[in-house]
Structures are given as C-alpha cells and as structure tokens.
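K.L.:
need a 3D model of the sequence below.
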Amino acid sequence: MSRWAGKISVLMLIAAGLLESPRAWAQESADAGASPLPAAKADDAADEPHVPAPVLDTWGTNEPAKPPSDVAQEAQVTAEQSEPAEKTATEVQSEARENRLPIDAEADAKAHLRYTLERIEVRGNTRTRERVILRYLKFKPGDILDVDDPELTLTRYRVLGTGFFKDVQFALRKGSRRGQVILVIEVIERNTIVLNDVGIGLSSDANSRGKIQPLTAYGGIDVAYTNLAGTGITLGAALAVANEQNAIRVRFLDPSFLGTPWMLSGSILRNQAKDFFGTTSQVNWTDWNNVTSTSHSYAIVDYSRFGGSLGVGRDLSTSTQLWAYYRLETIEAKKPLQAAEIRGGAVTPIEFDVRSGRSVLSTVRATLQHDTRDHPFLPTRGWYVATWGELALQPFGSDYSYQRFDISASYWWKVRGVPHVLRLQMFAGAETAGAPFFEQYYIGDFTDFRSPRMLGLNFERRPPPAVFGGIIKEQRYGEYAAKVGLEYRIPVYRGSRSVYGIDLFLGAGLWSLISRRDLSNMPANYHELARVPIDLTGNVGFRMDTSAGGLTFAFSNILGFIPLHGEGS
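P.N.:
Presented below is the predicted three-dimensional model:
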C-alpha cells in the first residue's frame, strides 16, 4: 500500500504543478471577474464583470493581421474606381516632380486617404447579431473615414476583444459614388461556451482544530456562455472546492442594456470558508467553543459569505471604460475567543479583523480601465491599465468602514529581431484600517510560490517563502502592497484548429506587503535591511489560446514546496 500511496502522491504533485489557473481568481474583494473573471494577483486586471478589452490578432489563420496601413493599400488598389476625396501621397509626389514643385508640409498633410463612409457590412456572423458588432464602432455612415486613423486599429482590437470571435478583419470596398467606400467587417466566430479559468493545485493547510495538514488538494473551474442567442449577453458560473471549503458564484453581463450605450453586470457569491492565523504553528488559542489548543496549531476562523454586486458601465472611448458598483454581503463568522503567538521575541495577540456572529459589508466602487492590447490572452503589444477605489461606510449599512485604492498596469512589446514578447507588470495598493481580513491584500495574490485565492477561499496556512528573509516572512494579510515584474514569452506554436497558439513564458519580479501594525510598530528583532518587506517571485510554464478559452500550465506551485532557510517542506 505504501508503494501505491507514494506513486499517487507523485502524480498529485505533477498535476498540481502542470495545471494552474491564470491567477484571475484572487482578490475577491474586487468582486466578480475581470474580463470577465475575478481579480487576480497584482499582475492581472481588476475583478470586474465587463466587456473584455479591445484586442487584435489573426489567430487561426495563416494570414497576418491587416493594420490600417494594409487597409490603406487596399484602398489605393480601388482608388481609380472610388475616387478618393484627397490625393494620395504618390500622386502629390508625382505632380511635384512633373511640375518641379517642392513637396511642402501642406501637401504631405493632404496625402492621407480620406473617404466618405457609405455603409458598413458585417460578414461571417452566423450566431452574432449585427448590432452587437456595430455597438463597438464609433463611426457611422456619412462620416469621413481616414484610413490612417489609429481608431480603426483600436476598434478592430475591441471587436476581437469581446471574446466572441477567433479573427476579425477590416477592409474597404468601393462605394456607389466617387469618394465613397464600404467598410467590410469579416469575423470568424469562436465557441459560445468558454472555459474562462481552471485551477488545480496543492497546498498546505490545517484542519478545523488548527492541526497542520502538510499536503491537500484544491481546484476550481469558471465557465461562461458568451453571446447568448447572439445578443452579446454573457452568463457564467464558477465553482471552487478544497478541504472543508467550497464556493460558488454566478454572474451576468449585458454590454448594451436595453439597446443603450450603458453596460450592466451583476454577480452572486456564496462560500463556506476557513482561514488560518499565525505565522508559525506555535499559536496558543481558544476557539469559539472555549477549547484551547497550545501546540503545533494555527488559529482558525470559520466563516461564510453570501451576497452580490450590481454594476453599470459606459465606454469613454474605444479603449476606455468607466464602471460603478454597489456590493452587499452578509458574513457569519466564528472566531477564536483569544489567540497569541511568539512574534519578534515577544508574545503578541493575533488580530482577526472580522466581527463574530453576523455582520454586513456594504461598499461602493468605481473602476476606470484602459486597454489597447492586440490580443486578449497572448498580446504582443499595448497597455492594460486599471485603477479602482472602494468605499465602505456605516451610512451605507456596513459594519465595516474602510477605503481602498489600487492601480495596476501591464505593458507588452515585441523584442527587436525575434518574435518574442516582453511584459512589464506593475501594481500598487493601499487601504485604511477597518477592512475585514478577506478584503485585505494577501500574500498569495503576489507571490507565485503560494496558492492564490479562488472565489474568496484561502487554501494556504504557510507564510511567504521569504527568499531574502526579513520582516516579509511575518506577513499574511496587510493594508499596503506593491509588485513589479517582467515576463519573457516565446511563441512555440501557431495553429488554426482547436489550439490557436502556445507560448513558453518565464517571469520574475519583486513584491512587497506589510500590515499597518508592523509598519508602525516593527518587531524588535528586525534591523536595517531586514525591516524592508520585500521578496522575490517567479514562474515558468506555458500559455495556450484555444477554442475553449485561455489556459496556463505553470510550475510555480511545485517550486513553492522547496524548503528555504532550513525550513521543512
């Protein structure tokens, strides 16, 4: 039996390391799903159920995407028939040579190809209603169309970024009169049932009595039915399970509520969870039944959450959205009557940051997003920037009062001379005292070596690995956090069937997290650089874009079990 048990353990470790969620589950405080998943680690977008960002690439074809310059070339081919309203650059230059005239700035300015847009044709949309696609276009028949306008590129990114299409192409065709053109939009539709996220991994937690369990499994899945009946409406559901924990969430998104420019989203969350307190297993605590534990134990908070959020949003431009949310939750918590641990050489009481019994959390939040990525899952250029502020006050009916402000940004660019991609990730956030612990920044949201949260569930009792040592190993939750990282991505496969692309990625970064308590009253046994709360993180694996959605296969979960500083695994 022991021989088979050993083989099963090895298989579990391999599975946990190979299949890892793209870390869009974490930071449930940001609510229901960035594009359209839960907010993730600091390297991902905010947790908003919104229309995914504008993106563009010709996945699934052997033909490169046509940027506006290519559209201009197509227009020049039909210029003789459509008679452009302005002379082309070639014509201006030819006339200048023939008449020996200088090519001045004014002539160059007239070199842009401009046409009157006669109408817009949409092709290939067998399931998607035409109005759903036209909703993302900012120009309409009668407008003057400049083929060099970057708005064309951003609009194409945006249509592809809905997630409804594998490929989107823009082309110009001659109109019925001189100077008029027809904009043709060719789309290739994706599956309507999409696997947004799947996560399987291993963690170290503790049972309800706080006793250490060295190895437990967890998993979760997020599935959505996008483009319901061709209307663009998305319905989704997510489930996460672990030892003595479970959570479920349902959500919806209407990108054009009642045919208006307003977007509407909503979600409902229910979870039964526990969390672990104490940065070592030497915690002296008395539970809610007045039972005391003194050795090899973590303090446990048993709690449940039920509630939902409702949000309205609107496009400020092709690439920018503004959202406003209201969230209401009830919390039922059983927390220890008392708990203390040895910290910094002294006995220190543990703060749980949650009310015993029933309490209410009520918040309002505003989110601003700017997205110019050229692909939703494997971008090669562009920005994704999100900033959000949240406010919880007793006048809103909340038992918790706090304010929070976060900003995250990622930038992708191609490496010169090779088809590789670099990504720069940045995050910074701060919140005031008074937030419940599950709304605070958590170490697993920032280091890849610890399991992230899924739908608000926390699977890890272990502190961060603390590669540099120092005060960071004393942290679990905190009110201040930051991260900066760099990822290098190498394309290894491009296809046109079920798998559109596979990229190898390697990433590394620095992150910081600290509680208000330690910032104002640093433990006495930390001096000089050891007082700086900073640590190293890293990851390696594969990212896949498929007809069923984007998947990440990563190995950081296994790397997190490597013991450091003489600690046990």
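K.L.:
quick one: low-confidence parts of the stretch 151-300 of the chain?
P.N.:
Scanning the stretch 151-300 of the chain with the threshold set as pLDDT under 70 gives 207-211, 281, 294-296.
K.L.:
now do the helices in it.
P.N.:
Under the criterion DSSP state H, counting those that start in this stretch, the stretch 151-300 of the chain carries no helices.
K.L.:
how near is the nearest residue to residue 477 once chain neighbours are set aside to residue 333?
P.N.:
Closest residue to residue 477 apart from its sequence neighbours, by CB to CB, 6 or more residues apart in numbering: residue 440 at 4.2 Å. Backbone N, C-alpha and C define where each C-beta goes, glycine included. Residue 440 is 15 Å from residue 333, where distance means CB to CB, to the nearest Å.
K.L.:
and what of residue 153?
P.N.:
Taking CB to CB, one finds residue 153 at 50 Å from residue 333.
K.L.:
now the residue nearest to residue 125 when sequence neighbours are not counted, which residues is it bridged with?
P.N.:
Nearest residue to residue 125, sequence neighbours excluded (CB to CB, 6+ apart): residue 187, at 5.6 Å. Beta-bridge pairing of residue 187 under DSSP bridges involves residue 168.
K.L.:
touching, residue 187 and residue 133? I think so.
P.N.:
Yes: between residue 187 and residue 133 a contact is recorded at 6.9 Å, counting by CB atoms under 8 Å.
K.L.:
show me the beta-bridge partners of residue 406.
P.N.:
residue 388, residue 429.
K.L.:
what is the burial count for it?
P.N.:
As a burial measure, residue 406 scores 23 neighbours (other CB atoms under 10 Å).
K.L.:
from residue 368, how far off is it?
P.N.:
According to CB to CB, residue 406 stands 11 Å off from residue 368.
K.L.:
kindly report the same for residue 170.
P.N.:
For residue 170, the distance to residue 368 - CB to CB - is 27 Å.
K.L.:
of these two, which one has the most company?
P.N.:
Taking neighbours as other CB under 10 Å, residue 170 and residue 368 compare with residue 170 leading, 23 against 16.
K.L.:
name the nearest residue to that one, ignoring sequence neighbours.
P.N.:
residue 156 (5.4 Å).
K.L.:
picking that back up, count the neighbours of the residue nearest to residue 125 for me.
P.N.:
21.
K.L.:
likewise for the one 4 residues further on?
P.N.:
Using other CB under 10 Å, residue 191 has 16 neighbouring residues.
K.L.:
now for the residue nearest to it when sequence neighbours are not counted: which residues touch it?
P.N.:
Nearest residue to residue 191 in three dimensions, chain neighbours excluded: residue 547, at 5.3 Å (CB to CB, 6+ apart). When contacts are counted by CB atoms under 8 Å, 6 or more residues apart in numbering, residue 547 touches 166, 190-191, 497-500.
K.L.:
ok, residue 365 next?
P.N.:
31, 324-327, 388-391.
K.L.:
could you list the buried residues of the helix or strand harbouring residue 310?
P.N.:
Following DSSP states H and E, one finds residue 310 within strand 299-315. Within strand 299-315, the residues that count as buried by 16 or more other CB atoms under 10 Å are 299-303, 305, 307-309, 311, 313, 315.
K.L.:
can you check stretch 387-394 too?
P.N.:
Those would be 387-388, 390-392, for stretch 387-394 by 16+ other CB under 10 Å.
K.L.:
just stretch 339-355 next, same as before
P.N.:
Quick answer for stretch 339-355 (16+ other CB under 10 Å): 339-341, 343, 348, 350, 352-355.
K.L.:
and the residues you listed, which two are the farthest apart?
P.N.:
Greatest spatial distance in the buried residues of stretch 339-355: 343 and 355, 23.6 Å, computed using CB to CB.
K.L.:
show me the shaky parts of the protein.
P.N.:
In the chain (pLDDT under 70), the answer is 1-112, 207-211, 281, 294-296, 563-569.
K.L.:
now with 50?
P.N.:
Applying pLDDT under 50 to the chain flags residues 1-110, 566-569.
K.L.:
so residue 353 touches residue 431, yeah?
P.N.:
No: using CB under 8 Å, residue 353 is not in contact with residue 431; the gap is 11.4 Å.
K.L.:
isn't residue 255 up against residue 228?
P.N.:
No: Residue 255 is beyond contact range of residue 228, at 11.1 Å (criterion: CB under 8 Å).
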